[in-house]
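S.K.: what follows is a predicted protein model with its sequence.
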Amino acid sequence: MIDVTALTRTYGGLRAVDNVSFTAQPGRVTGFLGPNGAGKSTTMRVMVGLTPATSGSATVLGRKYADLPNPGREVGVLLDASAQHAGRTGRETLKIAARTMGLPLSSVDAMLETVSLTDKEAERRVKNYSLGMRQRLGIATALIGDPEVLILDEPANGLDPAGIRWMRDLLRGFANKGGTVLLSSHLLHEIEVIADDLVVIGQGRIVAQGTKAELLATAGTLVRSSNIAELSRAFDEHGIHAVASGPNGLRAEADADLIGKVALAAGVPLTELRAADGAGLEEMFLELTSETSREGAAA
Amino acid sequence: MTATTVESLDRAPTRVAPRTPPAPIPFARLLKVELIKMFDTRAGFWLMVSIAATALIATASVIAFAPDSALTYDSFGAAIGIPMTLLLPVMAILSVTSEWTQRSGLTTFTLVPHRGRVIWAKLVVSVAIGAVSIGLALAIGALGNVVGTAIAGVPTVWDISGNQIVLLVFANVLNLLIGFMLGVLIRNSPGAIVGFVVYSFVLPTLSMVLGNFQQWWADIRPWLDFNWAQGELYDGHLTSTEWAQLGVSGLIWLVVPLAIGLVMVMRSEVK
């Protein structure tokens, strides 16, 4: 359980995090979405006490992070897989974490196996690790204390497709056992597959939050026809808002039943009619963050 | 496609009983972890090796090159002490700055969200390693003195008193603390090492030059020039005035900047 209440962090005049409030529930994966520089990482750093908040608060398991007696045993944190001592071996890095938490060193070998780092790789210095290997080591550091909460910033970065699949199953399993997962990503497909709840942030402010089902329900209906011009005209007459979506396709803000009736009345043959999905999150994301993104509304 | 993948995954959360919070992290554990961290990196390992190696090389050099009359414990101690005055502060600097320069602090300060405890553990460990290193150096020097005089066939001279040894250890620990202070203040490995060189070699020279030309500086220099005040420690005897001068200059050049550095460590962002 993570509670963030009216969290604000300013840098001079810049409000990097602006009055952000949300809750990450146990048993669910909460996806934290936003364009580059939206304030995701800053929010996460404030949660674990690495960055002081200007105002507002964040609690993990009902307490301020700094008040957790042995944080590694309750909260697994991975904020930046690159932030590891380059001159230390992978195994030694994990051993340091295990020792700090007061865990037996036998847990280190078991955890290396869990994240699929071989003995040979574990003996290499982190300097020689690929980003994917660093992510695995970072995940191992987060998981080794058997925590109840995971806070992960872009954990899928640098992982190969098999690694991404592995990560997805791992987080799903963690949440199913009653754990709380907060993960940020700009890989929308990943978030769409794994997350139960979404928090979307743009320029430091929350622009949308809710369950994934709720947020994507507004995605509308996808309709395709060989006579798209006629169909558009029919929609206009009925006051149905629609935007182009792929070749010969429209995404209409109405349910499939109404779209079908309108098309029938207009005598336009349809080649496809279904609830818009797949690109739903991406479209929602671009729509919600268009005002705040670098590329502007055109994106 | 994605929707079916989501639905096919079992997502019924199983309720788990609330766990009892774990025991707090004892300070002794932090000391142990910080001690291990000094040695388990490549830089740390070679720094420790070089402390031992330079002590041996210095001892061997005295035996090989010093005239028989100079084969005294004082000569061995001095030869071994010189590399120590650079290596120990660098060790103390790296113990602090690597958390920022290598960014391992992200994990360290997440696992122990009380930076003061971590820094305090680093300080204790640095001073302990410094004291052990000096003890080791004096032991190697003693061995060199026995072996060297035996080879040269001259009487073994023990010309360092117990009081001098205490001051020598104190001087080296003070020097190490200067490194630690710069590490805390600058929090960047190359920056802090350059800072140490400026602090220990450039500033004293500037102070000396200024003193040669400006009488007012020559008059107050003993009270404001920390390096000058420390010099007496290596000579083995301090008057009460010299102790006072060491205290005043140390307050200005060590205690105050260390306090500023600690405040900055507590407040800064770890990125």
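M.R.: Sure thing, it's come through.
S.K.: average model confidence for the strand or helix carrying residue B:166?
M.R.: Element membership of residue B:166, judged by DSSP states H and E, is helix B:162-186. In this model, helix B:162-186 has a mean pLDDT of 93.
S.K.: got the contact list for the closest residue to residue A:125 other than its chain neighbours?
M.R.: Excluding its sequence neighbours, the residue lying closest to residue A:125 (CB to CB, 6 or more residues apart in numbering or on different chains) is residue A:89, at 5.4 Å. In short, each C-beta sits where N, CA and C put it, glycine included. For residue A:89, the contact set (CB atoms under 8 Å, 6 or more residues apart in numbering or on different chains) comprises A:122, A:123, A:124, A:125, A:126, B:40.
S.K.: just checking, next helix/strand downstream of the helix holding residue B:166?
M.R.: Criterion used, DSSP H and E; the element after helix B:162-186 is helix B:189-197.
S.K.: and the contacts of that following helix?
M.R.: Under CB under 8 Å, 6+ apart, the answer for helix B:189-197 is B:89-90, B:93-94, B:96-98, B:101, B:178-179, B:182-183, B:185-186.
S.K.: what sits closest to residue A:190 if chain neighbours are left out?
M.R.: Nearest one to residue A:190, counting by CB to CB, 6+ apart, is residue A:156 at 5.2 Å.
S.K.: how about that neighbour, what does it touch?
M.R.: A:135, A:163, A:164, A:167, A:185, A:187, A:190.
S.K.: the residue nearest to residue B:158 when sequence neighbours are not counted: neighbouring residues, count only.
M.R.: Of all residues not flanking residue B:158 in the chain, residue B:73 sits nearest, at 5.1 Å (CB to CB, 6+ apart). By the criterion of other CB atoms under 10 Å in any protein chain shown, residue B:73 has 21 neighbours.
S.K.: how close does residue B:73 get to residue A:30?
M.R.: Per CB to CB, to the nearest Å, residue B:73 is found 68 Å from residue A:30.
S.K.: the helix holding residue B:166 packs against which elements?
M.R.: Applying 3 or more CB pairs under 8 Å, 6 or more residues apart in numbering or on different chains; DSSP states H and E, we find helix B:162-186 packed against helix B:73-101, helix B:115-152, helix B:189-197, helix B:226-235, helix B:256-267.
S.K.: I'd guessed the residue nearest to residue B:158 sits against residue B:155; true?
M.R.: No: with contacts counted by CB atoms under 8 Å, residue B:73 stays clear of residue B:155, the gap being 11.9 Å.
S.K.: how many other residues sit next to the nearest residue to residue B:262 once chain neighbours are set aside?
M.R.: Among residues not flanking residue B:262 along the chain, residue B:184 sits closest, at 6.1 Å (CB to CB, 6+ apart). Under the neighbour criterion other CB under 10 Å, residue B:184 is assigned a count of 25.
S.K.: could you do residue A:110 as well?
M.R.: Counted with other CB under 10 Å, residues neighbouring residue A:110 total 11.
S.K.: show me what the helix or strand encompassing it is packed against.
M.R.: Element membership of residue A:110, judged by DSSP H and E, is helix A:106-114. With contacts taken as 3+ CB pairs under 8 Å, 6+ apart, helix A:106-114 sits against helix A:90-101, helix A:131-143.
S.K.: secondary structure class for residue A:216?
M.R.: Residue A:216 carries the three-state label helix when classified by DSSP: H, G, I helix; E, B strand; the rest coil.
S.K.: now the terminal residues of stretch A:83-92, how far apart.
M.R.: End-to-end distance for stretch A:83-92, by CA to CA, to the nearest Å: 15 Å.
S.K.: what's the mean pLDDT across that stretch?
M.R.: Stretch A:83-92 carries an average pLDDT of 95.
S.K.: in it, which residues are buried?
M.R.: A:83, A:84, A:85, A:86, A:87, A:88, A:89, A:90, A:91, A:92 (16 or more other CB atoms under 10 Å in any protein chain shown).
S.K.: then stretch B:166-176?
M.R.: Those buried within stretch B:166-176 under the rule 16+ other CB under 10 Å are B:167, B:168, B:169, B:171, B:172, B:173, B:174, B:175, B:176.
S.K.: again, but for stretch B:248-265
M.R.: For stretch B:248-265, the neighbour count (16+ other CB under 10 Å) marks B:249, B:250, B:253, B:254, B:257, B:258, B:261, B:262, B:265 as buried.
S.K.: ditto for stretch B:227-235
M.R.: Quick answer for stretch B:227-235 (16+ other CB under 10 Å): B:227, B:228, B:229, B:230, B:232, B:233.
S.K.: now it - C-alpha only, PDB.
M.R.: What follows is stretch B:227-235 as a C-alpha-only set of coordinates in PDB (Å, rounded to 0.1, in the frame of the first residue of the first chain):
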ATOM      1  CA  ASN B 227      48.700  22.900   7.900                       C
ATOM      2  CA  TRP B 228      51.200  25.000   9.900                       C
ATOM      3  CA  ALA B 229      49.600  24.100  13.100                       C
ATOM      4  CA  GLN B 230      49.600  20.400  12.300                       C
ATOM      5  CA  GLY B 231      53.300  20.500  11.500                       C
ATOM      6  CA  GLU B 232      54.200  20.500  15.100                       C
ATOM      7  CA  LEU B 233      52.400  17.100  15.600                       C
ATOM      8  CA  TYR B 234      54.900  15.400  13.400                       C
ATOM      9  CA  ASP B 235      57.700  17.000  15.400                       C
END
